[in-house]
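Novice: Sequence isn't available, so here's the structure alone:
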C-alpha cells in the first residue's frame, strides 16, 4: 500500500469514533455537526474549496481545534489556504478546506461543528435601478424573431424576467399570454400592432421594471406573386372619438396586394354592434358624428380593388356614441407680460404703471400699490389703487411696486411689476425771500434777528428716518435665553425714538411671520423652538415721521436642554433619551465606549469628531477606502453617539470604537465578524468597551447550538459586554417572519425591531414598521425583545460612499441621507444601554437587558410581539433600581469554561437536552411575573415551540442552513449571488422631505 494511502487510512482511524464501547463505558461523542447541504456539496465536489469555520467541543481550546484541522490538511493536501484565522474567545478556526478535507473532519469526535463562513450584510441594501432600458432587435413581422436585451442596471446582482406586450395605435398595451422569454416571434395576431418588452430585475434587495421602446408596426412579410383577388390581412380600424361632433376616420388595414384602390361605406349599428345599415352618401374616408348618431355604434366597410378583383373587410364597431360634452368653463386671464412702472423713485415724484398684457377675456382690472422693505416684505399702501402714485416721505428708504389683478367675471389672476429702486429724498427746497423792512424791522439778511414776524431763518421740512444698517437680534438662539434688539443706524434727527416688534417666522426665516412681543429684550420660550425670530424696528422723529427696518432672521431656535444636547429629529424624543442626557450630565458620568461592528466609521463627519477613540479593519474582502466605503457604519455611529448640535445621538458623550468588517457593498464574512467579536473580547478593558452594536444579518438559517457567531457574541455578553443586534427588515406587511439569522437569533443579546413613532413623541401611538422582522428563532426563542424608532432617520454619510452614490433618492441634503431599517433602531438602544452603564457601572448585561425590558412602553398600535415587550423608554429605565435578570431562564445553563478560560460558556448541549425533555420549559421560565406585563407570557413562549418535535434532527439539518447558500461556484470567490439573501423591505421606505417627522415643528 502506498505511503499516502496508509496515511489517509491512519487519519481515518484517528478521526473515526470507536466502533463499539465496553459495557458500562461512557459512549463516545457524536461526530461533528455539518449542515447537510454543505456535506452534500463537499461529497459531490471533493476537490472544490470551501470557506468554513471549524468549532471544537467545549473541552477543547483553539489550539486543540487547529490540531485535527492541520492533520486533515496534511493527510489530504489541497490548494486552499488552510487555516486563515484563530480566535481567543471561542475554540474555533476559520479555514479554506477541500470537500475531501471536510468529509474527513466530519467524522471527528473532537470537532463540534463545521459550518459555512457565510456572508452577512448590513440591513440597508441596494435594489436594482435601471440605467439604460431594454432594447428590442430583430424583424417586426409575422414569422420573424425579436430579441430583447436586459438593459443596464445598478444595484446588487439581479435575475431578469420578461413579458412581451402588444400595443394598439393609441399606445394601450396588453400582455401576450405566455410570451415570457427574451425572444418573441410575432404572429398574425400582432399585425398592425407594435410590441414592447418589459424586463423585471430582481435581487435580494428589491424589484424594478423597465420597458423597451415600441417596435415598428408589425407587418406581413413581403408578399409573393398574387394569383387571387386581394384579401384583408388585418381588419380596417375606425379612428377618432365616439362623441357627437367628433370626426371618425378609417385605417384601411393591411392587404395582400400593394396596388389597391379603396372605397369605403360607413354603417350605423345598434348599441350592441349589430343590425347595421349603410348610411346613404357616407362614402368618404371621414364621417362627422351628429346628434342623431347618439346611442348607436359605427362600422366602416373597406373595399379593396386591383386587377384581379376586389373584396371587402369590415371594421369592429366603435363604442356607443355619446352626446357632446358641455362647453368647457372659460379659462381665467393669464399674464403675458407684467406691469411696467415709469417715473423717478424720488419723494414727491409721480409713478405711472401700465397694466401689462393678458390672455383670455378680461372684464375688469384692479390695481394696488405696495411698499417693500429691505428684506423683501411688501405691504399694501392704503388707498393707492390708481394707475399713478405720488411718492411720499413714508416711501423713502423703501421700494415700491404695483399689483394688477385681472378678472373675467368668474376667476382672477394677479401680476406684479418689478420694484423701483430705493426711494430717496427730494432735493432741499430753495427760495428767495423779499422782506418788507417796514413790517419786520429787519434789513439785509433774513437769517438775522429782528422784531418782525419771521423770528429767524427758514428751512425745508426734515426727511423721515432712513435706515442705514439693519437692526440685529443679539443673544443665544436657545429656549429660555434672551434676545436683545439693537436698532441699527439711521439717517434722521438726533432725537429718534425706537419701537420694537419681535416676529416669529418659519424654520427658513420666511412664510407668514407673527408678532410675539414689543419689548427690546425678548425671552425665548418653548413655543419658539423650531422657528426663527426677527425684530421689526420703527424709528420716529420729532415731526412724527417714521421709518422701519427688519433684522435678518435668527438661526432656528433650539430647545432648552440642561445637558446641552438636542436633536431636530423625533427619534431620540420618542425614546425619551433627553431624560438620560440630563441624568448623565447631572451625574458627571461617562458612558463606556460603544463598539460598532459595521462598515467602518468616518471620524471627519459632523458629530463624530473626537468620538472615534479606536478603529480597526478586520475584513478580508477588498475595499476602496478604509474609513467607511459603504456609509452604513458612520450612519449607525451617529445614531448611537453623535454629538452634533441639533443632531445628538442616544449617548452623545460616549466614545465609538470602530471595527470594520464589510466591503464597500456592505458585505462581510462570518469569520470576519467573529474576529470582530474576538477583537472586542480582547480589547474591552483597554478601550473601556461596554456595549457592542451589530447592525448586520446573516444569510443562513442557524441554531445557537452550532453557529460560531452566536457563540462569539455569547462570550462577549458573558464577559460583561452588552450586545445589541438588529432583527432584520424582511417581514412583509407586518406578518410574522420568524428570526432565523445570526446574530439576531441569539437568546442572550438584545435584539431590536423598528418602530414608527407616528410623528409624535408619545409611545402610545407607535407601531411596528411593516418590514421589521419578528417571530421565533429556529431554537424557539421569541425575538425581538424591544422596539425603537427605525424609520426616516437622517444622518451624515461620506459623499463618496456606496450608499450615497447609489441611492440618490434617499439624499436629502449635501452629505445627508434619510434611511430606514432595524440597523438604525439597534444603535438607539445601544446608546441608551451605554447611558445606563454610565449611571450603573456595576450592572451586568443581564441587568441592563432586564431594566430596558421592564421599563418598555406599551404602544397600542403594535401588532402582537412585533416589538417584543414594547418600545424602549430611556426615561422609565432611569427609574429601575434593581432590574430583574432578563436571561435567568438560560443563565442556569451557563457553566465554567471546561477548557479553563476565564469566561463561562453557554452549555447548549445541556440546554437542548432540558428543552427536549420538558415541553413546558419555555412557559415556566418566561412567566409574566418578571415583567409586570402580559406581553411576555406564555403566548410568546408557547409550548408548541418546545415540543420534542422541535428538537429533532430536522431542526439542525438542511432546514437550518439554506442549501441555496452553498452553490459550489460561490465559495472561495466572495461572489455570493442573490439567492441567499432575504428581501430588505426597508430599502425603499423613504419619506418626502416635506413630510419629514421632526420633533420641533415651526
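Specialist: Here it is on my side, so go on. Note that the coordinates shown come from a computational prediction; the quantities given were computed from them, not determined experimentally. Residues are numbered from 1 along each chain as shown.

Novice: For stretch 107-117, what does the pLDDT average out to?
Specialist: Model confidence over stretch 107-117, given as mean pLDDT, is 88.

Novice: first to last residue in it, what's the distance?
Specialist: For stretch 107-117, the first and last residues are 20 Å from each other (Cα to Cα, to the nearest Å).

Novice: buried residues in it?
Specialist: When burial is assessed from 16 or more other Cβ atoms under 10 Å, stretch 107-117 yields the following buried residues: 107-117. To be clear about C-beta, it is placed using only N, CA and C from the backbone, and glycine gets the same treatment.

Novice: same question, stretch 298-309
Specialist: Applying a neighbour-count criterion of 16+ other Cβ under 10 Å, the buried positions in stretch 298-309 are 298-306.

Novice: cool, stretch 67-83 as well?
Specialist: Within stretch 67-83, the residues that count as buried by 16+ other Cβ under 10 Å are 68-69, 71-73, 75-76, 78, 80, 82-83.

Novice: got it, and stretch 355-362?
Specialist: By 16+ other Cβ under 10 Å, the buried positions in stretch 355-362 come out as 355-356, 358, 362.

Novice: what's the following helix or strand after the helix of greatest length in the chain?
Specialist: With residue count as the measure and DSSP state H as the assignment, the chain has helix 822-839 as its longest helix. Going down the chain from helix 822-839, the next helix or strand is helix 845-854, by DSSP states H and E.

Novice: between that next one and helix 822-839, how many degrees?
Specialist: 110 degrees (axes from the mean of the first three to the mean of the last three Cα atoms, to 10 degrees).

Novice: Name the residues that touch helix 845-854?
Specialist: When contacts are taken as Cβ atoms under 8 Å, 6 or more residues apart in numbering, the neighbours of helix 845-854 outside the stretch itself are 717, 720-723, 748, 750, 785-786, 829, 832-833, 836-837, 840, 843, 868-869, 872, 877, 880, 883-888, 891, 930-932, 936.

Novice: Would you map the strands across the stretch 751-900 of the chain?
Specialist: If DSSP state E, counting those that start in this stretch is used as the criterion, the strands of the stretch 751-900 of the chain fall at 767-768, 775-776, 782-783, 786-789, 793-796, 811-813, 816-819, 894-895.

Novice: Equivalent analysis for the stretch 1-150 of the chain, please.
Specialist: Taking DSSP E, counting those that start in this stretch to define them, one finds strands in the stretch 1-150 of the chain at 49-56, 82-86, 92-98, 111-116, 119-122, 129-132, 136-138, 146-148.

Novice: Of those strands, which shows the lowest average pLDDT?
Specialist: When mean pLDDT is averaged over each of the strands of the stretch 1-150 of the chain, strand 129-132 scores lowest at a mean of 70.

Novice: Strands along the stretch 501-650 of the chain, start to end?
Specialist: Taking DSSP E, counting those that start in this stretch to define them, one finds strands in the stretch 501-650 of the chain at 514-517, 521-523, 532-540, 546-550, 593-598, 612-617, 643-644, 647-648.

Novice: Is it possible to get a markdown table of the buried residues of stretch 298-309 that adds pLDDT and distance to residue 122?
Specialist: Conversion of those to a markdown table gives the following (pLDDT from 0 to 100; distance: Cβ to Cβ, whole Å):
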| residue | pLDDT | distance to residue 122 |
| --- | --- | --- |
| 298 | 94 | 62 |
| 299 | 95 | 63 |
| 300 | 95 | 63 |
| 301 | 94 | 67 |
| 302 | 94 | 64 |
| 303 | 94 | 70 |
| 304 | 92 | 67 |
| 305 | 91 | 72 |
| 306 | 87 | 71 |
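
Novice: what residues are up against residue 733?
Specialist: Contacts were defined as Cβ under 8 Å, 6+ apart; by that measure residue 733 touches residue 770.

Novice: i'd like the first residue to be 32 from this point on
Specialist: Got it, the first residue is 32 from now on, which makes the last one we talked about residue 764.

Novice: out of the buried residues of stretch 329-340, which one sits closest to residue 283?
Specialist: Nearest to residue 283 out of the buried residues of stretch 329-340 is residue 333 (Cβ to Cβ; 5.2 Å).

Novice: helix or strand for the closest one, which one?
Specialist: Under the criterion of DSSP H and E, residue 333 resides in strand 328-337.

Novice: now the buried residues of stretch 138-148 in JSON lines, with distance to residue 204?
Specialist: Converted to JSON lines, the buried residues of stretch 138-148 look like this (distance: Cβ to Cβ, whole Å):
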{"residue": "138", "distance to residue 204": "61"}
{"residue": "139", "distance to residue 204": "62"}
{"residue": "140", "distance to residue 204": "65"}
{"residue": "141", "distance to residue 204": "65"}
{"residue": "142", "distance to residue 204": "60"}
{"residue": "143", "distance to residue 204": "59"}
{"residue": "144", "distance to residue 204": "54"}
{"residue": "145", "distance to residue 204": "53"}
{"residue": "146", "distance to residue 204": "49"}
{"residue": "147", "distance to residue 204": "45"}
{"residue": "148", "distance to residue 204": "48"}
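
Novice: Between all of these, which two are separated the most?
Specialist: Within the buried residues of stretch 138-148, 140 and 148 form the most distant pair, 22.8 Å apart (Cβ to Cβ).

Novice: The buried residues of stretch 98-114 in helices, which ones?
Specialist: Assignment to helices by DSSP H places the following of the buried residues of stretch 98-114 there: 99-100, 102-104, 106.

Novice: Output those in TSV, with distance to residue 683 and pLDDT appended to each entry.
Specialist: As requested, those are exported to TSV (distance: Cβ to Cβ, whole Å; pLDDT from 0 to 100):
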residue	distance to residue 683	pLDDT
99	49	87
100	46	89
102	52	87
103	51	87
104	50	86
106	56	86
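
Novice: wait, residue 656 sits on residue 694?
Specialist: No. In this structure, residue 656 is not within contact of residue 694 by Cβ atoms under 8 Å, at 10.6 Å.

Novice: When these two are compared, which one has more neighbours?
Specialist: residue 694 (22 against 13; other Cβ atoms under 10 Å).

Novice: Please spell out which residues along stretch 512-528 are buried.
Specialist: Of the residues in stretch 512-528, those buried under the neighbour-count criterion (16+ other Cβ under 10 Å) are 514, 516-519, 521-523, 527.

Novice: now stretch 570-583
Specialist: For stretch 570-583, by 16+ other Cβ under 10 Å, it's 570-572, 576-582.

Novice: go on, stretch 167-177?
Specialist: Counting neighbours by 16+ other Cβ under 10 Å, stretch 167-177 gives 167, 169-173, 177 as buried.

Novice: What is the end-to-end distance of that stretch?
Specialist: Stretch 167-177 has an end-to-end distance of 7 Å (Cα to Cα).

Novice: Stretch 280-289 too?
Specialist: Chord length of stretch 280-289, first to last residue, is 21 Å (Cα to Cα).

Novice: again with stretch 732-745
Specialist: Distance between the boundary residues of stretch 732-745 (Cα to Cα) amounts to 18 Å.

Novice: Return the residues in contact with residue 595.
Specialist: Contacts of residue 595 (Cβ under 8 Å, 6+ apart): residue 616.

Novice: give the contact list for residue 167.
Specialist: 177-179, 226-228, 243-244, 246.

Novice: Okay, it and residue 578: tell me how far apart.
Specialist: Taken as Cβ to Cβ, to the nearest Å, the spacing of residue 167 relative to residue 578 amounts to 71 Å.

Novice: Likewise for residue 795?
Specialist: Distance from residue 795 to residue 578, counting by Cβ to Cβ: 53 Å.
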